[in-house]
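Trainee: I'd like to go over a predicted model; first the sequence, then the structure.
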Amino acid sequence: MGLFDNVKALVGGKRTGDSRQIVFRKNVNIEKRFEFVRAAVSGTMSQFFMARDRDTDRIVGLKIADSQKTALFEQRFKTLKKPSEGKIATQIEHPNVVKTYEYGIGTDKRNYLVMEYLKGSGLHAMIYDRDSMLEGKRLELIRQFAQALGAVHDAGFIHRDVCPRNFIAAPDCSSLKLIDFGLTLPDEPPFHQPGNRTGTPFYMAPEIVRRRKTDKRVDIFAMGVSFYQLLTFELPWPSTDASGLAALSHDTLEPTPILEYKPKLHPKLAEAIMVCMSVNPNDRPNSMGKFLQMISGVESVTV
């Protein structure tokens with residue numbers, strides 16, 4: 001899925017227990033170092049480029065943070081010493097998570113990350129286009145999606161922006177990778193406190209909207225919404241409002257039962273997805289492992 005054949009040229013400090021080498025650099029002239037091959041795609045707080053690294057002559061994924069937006073977000077956690085996105089990304093290694101090889105600060109004070117460049121389509125675009133490539137592949141993508149988030153949680157973080165937009169599917173749609181950690185936080189009590197109302201509204205858990213304490217179960221809620229959409233091409237709470245107001249219905253209206261859209265969906269899979277979207281976090285699976293256990297034995301999305 002990625003284009004990196006060799007990353008030995010990016011040698012820096014070695015991470016304990018990891019064969020990859022991670023580099024942190026300061027005062028990098030981003031425009032001089034990288035040739036921008038493809039126009040930027042704007043994310044929540046950054047721009048993403050397909051670029052050629054002139055130091056290594058390799059095609060990479062280059063993410064450049066919006067300094068103003070990043071500063072506003074980081075300011076919320078100034079007293080908590082939140083790790084940077086780059087530092088977080090380099091601590092998560094899994095086949096379904098994009099590899100991050102380098103992160104640092106440019107001469108213009110912008111944060112950047114150098115990652116493997118992924119060929120393929122965004123899962124959100126495939127859902128929007130009702131792409132026929134998804135047929136017969138959804139169950140495997142669901143399992144890999146959950147495993148990627150499990151790796152985030154096992155590394156001690158809450159992703160906080162789980163949605164199809166943050167996953168890239170391989171060209172043959174046989175696999176996918178999680179690509180973004182811009183809103184990711186440590187899974188520690190100080191970061192669970194109310195007030196951090198960030199994320200993508202359509203996938204936002206009620207406790208975020210209502211400014212209550214949060215934990216990794218906000219990711220499980222968002223995962224359930226993502227799987228619902230992947231299987232039906234619809235949202236559980238249909239809305240044309242993409243602002244934060246859309247999330248206000250997530251604990252005031254019942255989601256449309258997934259079986260109304262897909263009556264032949266495997267009942268174990270249908271139940272697991274609906275339980276993920278429970279209003280009360282205590283009613284959701286308490287881990288990705290628990291969710292995967294709930295769908296164990298399911299060999300097809302339909303019965």
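Mentor: Noted; the coordinates are in hand. Numbers count the residues shown, from 1 in each chain.

Trainee: From now on I want contacts and neighbour counts done on CA atoms only, so please keep to that.
Mentor: Fine.

Trainee: Look up how far Phe202 lies from Leu139.
Mentor: 22 Å (C-alpha to C-alpha, to the nearest Å).

Trainee: The helix or strand harbouring Phe49 pairs with which strands, parallel or anti?
Mentor: According to DSSP states H and E, Phe49 maps onto strand 46-53. Partner strands for strand 46-53, per DSSP bridges, with pairing direction: strand 34-42 (antiparallel), strand 58-65 (antiparallel).

Trainee: Most tightly packed of the ones you listed?
Mentor: Most buried of the strands paired with strand 46-53, by mean neighbour count (mean count of other C-alpha atoms under 10 Å): strand 58-65, with a mean of 23.

Trainee: can you list contacts of that one?
Mentor: 3-4, 45-53, 110-118 (C-alpha atoms under 8 Å, 6 or more residues apart in numbering).

Trainee: Kindly report the same for stretch 274-285.
Mentor: Under C-alpha under 8 Å, 6+ apart, the answer for stretch 274-285 is 205-206, 217-218, 220-225, 250-251, 257-258, 291.

Trainee: got it, and stretch 142-162?
Mentor: 91-97, 175-178, 181, 183-188, 198-200, 203, 215-216, 218-219, 222-223, 226-227, 287-289, 291-292.

Trainee: what's the spacing between Val98 and Val114?
Mentor: 10 Å.

Trainee: Which one's more surrounded, those two?
Mentor: Val98 (26 against 22; other C-alpha atoms under 10 Å).

Trainee: was I right about that one contacting Leu176?
Mentor: No. Contact criterion C-alpha atoms under 8 Å: Val98 and Leu176 do not qualify, at 9.3 Å.

Trainee: Which stretches in the stretch 101-250 of the chain count as helices?
Mentor: 123-128, 138-154, 206-209, 217-232 (DSSP state H, counting those that start in this stretch).

Trainee: Name the stretch among these that sits most buried.
Mentor: Among the helices of the stretch 101-250 of the chain, highest average neighbours (mean count of other C-alpha under 10 Å) belong to helix 217-232, with a mean of 24.

Trainee: okay, the angle between that helix and helix 138-154?
Mentor: 170 degrees (axes from the mean of the first three to the mean of the last three C-alpha atoms, to 10 degrees).

Trainee: name the helices or strands packed onto helix 217-232?
Mentor: helix 138-154, helix 258-261, helix 267-276 (3 or more C-alpha pairs under 8 Å, 6 or more residues apart in numbering; DSSP states H and E).

Trainee: The last one relative to helix 138-154, how many degrees between them?
Mentor: Here helix 267-276 points in a direction 40 degrees away from that of helix 138-154 (the same axes, to 10 degrees).

Trainee: From the contacts of stretch 142-162, which land in strands?
Mentor: 176-178, 185-186 (DSSP state E).

Trainee: From those, pick the one nearest Glu234.
Mentor: Nearest to Glu234 among these, counting by C-alpha to C-alpha, is Leu176 at 20.5 Å.

Trainee: CSV please, covering the helices and strands packed on helix 217-232 and showing distance to Cys163 and mean pLDDT.
Mentor: Below are the helices and strands packed on helix 217-232 laid out as CSV (distance: least, C-alpha to C-alpha, whole Å; pLDDT from 0 to 100):
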stretch, distance to Cys163, mean pLDDT
helix 138-154, 10, 98
helix 258-261, 18, 98
helix 267-276, 14, 98
